[in-house]
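Engineer: Next input, structure requested:
(one chain, ligands or ions: 1)
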Amino acid sequence: MLNNQGRPTTPAAANESAPRPHKTFTGNRGLQQEEALLFETGRPDVSGVDIDEPQPFISRLGALERATPLDLPGFSEPEAVRHYVRLSQKNYSIDAGLYPLGSCTMKHNPRLNEKTARLPGFADIHPLQPQSTIQGALELIGELERWLIELTGMHSVAMSPKAGAHGEACGMMAIKAAIEARGEGKTRNVVIVPDSAHGTNPATAALIGYSVRAVPAREDGTVSAQAVRAALGPDVAAIMLTNPNTCGLFEKEIVEIAKAVHDAGGYFYCDGANFNAIMGKVRPGDLGIDAMHINLHKTFSTPHGGGGPGAGPVVMSRALSPFVPLPVFSTSASSSAIIENAVELAGSAQHPFGRMTAFHGQMGMYVRALTYMLSHGADGLKQAAEDAVLNANYVRACLADVMSLPFGNRPCMHEALFDDKWLKDTGVTTLDFAKAMIDEGYHPMTMYFPLVVHGAMLIEPTESESLASLDLFIMTLRDLAFSAKRGETERFTQAPQLAPRQRLDETLAARKPVLRWTKPEAISEAAE
Ligand SMILES: *Cc1c(COP(=O)(O)O)cnc(C)c1O
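Structural biologist: A predicted model of the protein is given here:
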């Protein structure tokens, strides 16, 4: 075993001799505090702030005035602080440890990004402020647009989408607008999506009103141009393909696929969530892609997870550029402007399909992403992609003898995909294995995705892990793998045992979610 510094320790430091933790009186485990809900501990008559009694006033709410107290829980300041600090300590995050969630690119968020995002000229501006007072912010957006266009070799970019899936919707709406402009809106109503696609792809196509035609992946995990050609026809509006794909493999026939789709009169949407593997190495524009979203929160290190703000700008080809949505940012040498209304574009070649957001997108994410780009430089971004691929291959190579690889022990891109063949007859499933990782202090990898691989385990270490960190992770997974093969089934089926909560009934939670807190009956002291 290795300790956190990558130095060997004795295996006893693992959990061999550790007794199962007993139930504590408080429910706390060591310094990990058990935390009740605010509604369970708060009292309506308590407050952390002093507010003067309101002056007498005449209500103008008529009969709509509230008759019963609101009953919101109140807290003193230290109580409120403790509640949220305790909750934050239950969070696993990239700041706490390695986060190998495949397809999610959980990389370190450099603190420099946070510093620039908090500069008042970026952080304290309002979307309705006069444009003359936010010239610096607009210039920054223009600069970020230039980097995105340069890195992707595309023609234009729609900045406002707020996540990858939102970007997919934006790109597909631009494709729909282009097809309608050609007068083919009624006849082209199918979108081709490979079986291995991220679930958001078919969902987006369906949301925009298309029916989905699936193409299977080949034995080797990639999509063949031949299969795409067989699925093409005059009814096809577009293909949605991910590259590198969700099996962590580069789609080698992508240029041929793009040509086939274009020859059949369709457009090529590429899911760019995995751009981290190829930035600075390959320009999607050179591959024949018409639209691709970029997850700034994955590739360009802006924080994500927990539904926090993301940003999914969509780069577009020359063919789709006339349809980019509002707002359009225009930058000249002397000034920058936001064009908010289609009227302002009348007479130009631009025919925006509408708009994706009320305002202009995620300013804080723009600042962080551009800071990341400028601090890395073009060479640094390329190296980040190379290191991400190197790290994933290191993990793959170091685990290949104990776990099984669905497409053979061949090089991968930024993530290594294992299946569950190696767990056969152990009584341990992919889910059990992932839960046992929690006891070892690791967030599990992506499980059961992509769907084309049985019991999939998708590991994406990213470039921001050190060799020592990767070694400890690999040693931990090897230890677990040997343990499963030795028949130590309980370590897995009972896991997690050391987390604040043990194994949950996920089916019940999904089928019968409890979405509303109701006040429990008052507990009376038990009589003798
Ligand atoms: C993350 C991801 C998405 C969706 O991006 P969000 O920003 O989470 O909406 C789409 N496709 C792939 C392959 C992804 O990994």
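Engineer: what's stretch 477-490 in contact with?
Structural biologist: 1, 11, 14, 398-399, 402-403, 422-423, 426-428, 433, 436-437, 440, 491-492 (CB atoms under 8 Å, 6 or more residues apart in numbering). (Each C-beta comes from the backbone N, C-alpha and C, glycine too.)
Engineer: my guess is residue 187 meets residue 235, correct?
Structural biologist: Yes - using CB atoms under 8 Å, residue 187 is in contact with residue 235, at 6.3 Å.
Engineer: Look up the pLDDT of residue 15 for me, please.
Structural biologist: Note for residue 15: predicted pLDDT of 47.
Engineer: and what of residue 501?
Structural biologist: Confidence at residue 501, expressed as pLDDT, is 87.
Engineer: now it: how far from residue 495?
Structural biologist: Going from residue 501 to residue 495 by CB to CB, to the nearest Å gives 12 Å.
Engineer: Who has more neighbours out of these two?
Structural biologist: Neighbours per residue (other CB atoms under 10 Å) separate residue 501 from residue 495, with residue 495 holding more: 23 against 8.
Engineer: So for that one, what's the pLDDT?
Structural biologist: So residue 495 comes in at 96 (pLDDT).
Engineer: That one is in what secondary structure piece?
Structural biologist: Using DSSP states H and E, residue 495 sits in no helix or strand.
Engineer: In contact with it, which residues are there?
Structural biologist: Per CB under 8 Å, 6+ apart, neighbours of residue 495: 432, 435-436, 438-439, 503.
Engineer: go with 6 Å
Structural biologist: Residues in contact with residue 495 (CB atoms under 6 Å, 6 or more residues apart in numbering) are 435-436, 439.
Engineer: Stretch 277-289: which residues count as buried?
Structural biologist: 277-280, 282-285, 287-289 (16 or more other CB atoms under 10 Å).
Engineer: Actually, stretch 317-328.
Structural biologist: 317, 319-328.
Engineer: Over to stretch 429-446?
Structural biologist: 429-440, 442-446.
Engineer: Now, those that are in strands?
Structural biologist: Using DSSP state E, the subset of the buried residues of stretch 429-446 located in strands is residue 446.
Engineer: Let me see the ranges of the helices in the stretch 401-528 of the chain.
Structural biologist: Secondary structure of the stretch 401-528 of the chain, counting by DSSP state H, counting those that start in this stretch: helices at 430-439, 467-485, 490-493, 506-511.
Engineer: contact partners of the first one?
Structural biologist: Identification of contacts with helix 430-439 by CB under 6 Å, 6+ apart yields 420, 444, 447, 455, 457, 480, 491-493, 495-499.
Engineer: which of the contacts of stretch 477-490 are buried?
Structural biologist: By 16+ other CB under 10 Å, these give 398-399, 402-403, 422-423, 426, 428, 433, 436-437, 440, 491-492 as buried.
Engineer: quick one: which of those residues is nearest residue 66?
Structural biologist: Taking CB to CB as the measure, residue 66 lies nearest residue 437 of the buried ones among the contacts of stretch 477-490, at 49.0 Å.
Engineer: And the pLDDT for the closest one?
Structural biologist: For residue 437, pLDDT reads 98.
Engineer: Then the one 4 residues further on?
Structural biologist: pLDDT, residue 441: 96.
Engineer: how about the residues of the protein that lie near the ligand?
Structural biologist: 103-104, 163-165, 198, 200, 242, 246, 271, 273, 295, 310, 312 (CB under 6 Å from any ligand atom).
Engineer: which residue does the stretch 251-400 of the chain bring closest to the ligand?
Structural biologist: Closest residue of the stretch 251-400 of the chain to the ligand, CB to the nearest ligand atom: residue 273 (3.2 Å).
Engineer: Now do the SS call for that residue.
Structural biologist: coil (DSSP: H, G, I helix; E, B strand; the rest coil).
Engineer: Please tell me how far it sits from residue 114.
Structural biologist: For residue 273 relative to residue 114 (CB to CB), the value is 23 Å.
Engineer: In contact with residue 283, which residues?
Structural biologist: 152-153.
Engineer: Could you pull up the contacting residues of residue 249?
Structural biologist: By CB under 6 Å, 6+ apart, the neighbours of residue 249 are 221-222.
Engineer: how close does it sit to the ligand?
Structural biologist: Using CB to the nearest ligand atom, to the nearest Å, one gets 13 Å for the distance from residue 249 to the ligand.
Engineer: Out of the buried ones among the contacts of stretch 477-490, the closest to the ligand would be?
Structural biologist: Relative to the ligand, the closest of those is residue 437; by CB to the nearest ligand atom it sits at 20.2 Å.
Engineer: Show me the shaky parts of the stretch 201-350 of the chain.
Structural biologist: Applying pLDDT under 70 to the stretch 201-350 of the chain flags residues 306-308.
Engineer: now the strands for it?
Structural biologist: With strands called from DSSP state E, counting those that start in this stretch, the stretch 201-350 of the chain shows them at 211-215, 236-242, 267-271, 291-293, 314-316, 328-331, 336-339.
Engineer: Select, out of the ones you listed, the one closest to residue 33.
Structural biologist: Closest of those to residue 33 is strand 291-293, at 40.2 Å (criterion: CB to CB).
Engineer: how far does that closest one sit from the chain's center?
Structural biologist: Strand 291-293 sits 16 Å away from the centroid of its parent chain (CA atoms, centre = their mean, to the nearest Å).
Engineer: Report the closest residue of the protein relative to the ligand.
Structural biologist: For the chain and the ligand, the shortest gap (CB to the nearest ligand atom) falls at residue 164, measuring 2.3 Å.
Engineer: what comes into contact with the host helix or strand of residue 78?
Structural biologist: Element membership for residue 78 (DSSP H and E) is helix 77-90. Residues outside helix 77-90 that contact it (CB under 6 Å, 6+ apart): 33, 35, 48, 500.
Engineer: Tell me which of those residues fall in strands.
Structural biologist: Going by DSSP E, the strands hold none of those.
Engineer: can you name the two of these that are farthest apart?
Structural biologist: Within the contacts of helix 77-90 (distances taken as CB to CB), the two that end up farthest apart are 48 and 500, at 25.9 Å.
Engineer: Any idea which of the helices of the stretch 401-528 of the chain has the lowest pLDDT on average?
Structural biologist: Looking at these, the weakest mean confidence is helix 506-511, a mean of 93.
Engineer: May I see the residues of the chain next to the ligand organised as TSV, with distance to residue 138 and neighbour count added?
Structural biologist: Listed next are those as TSV, based on distance: CB to CB, whole Å; neighbours: other CB atoms under 10 Å:
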residue	distance to residue 138	neighbour count
103	33	22
104	31	20
163	23	20
164	24	25
165	27	22
198	33	22
200	30	21
242	32	25
246	36	29
271	29	27
273	27	26
295	23	25
310	21	22
312	20	30
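Engineer: ok, of these, which one's closest to residue 22?
Structural biologist: Out of the residues of the chain next to the ligand, the member with the shortest distance to residue 22 (by CB to CB) is residue 104, at 36.3 Å.
Engineer: in a helix, that's where that closest one is, yeah?
Structural biologist: No - using three-state DSSP, the assignment for residue 104 is coil, not a helix.
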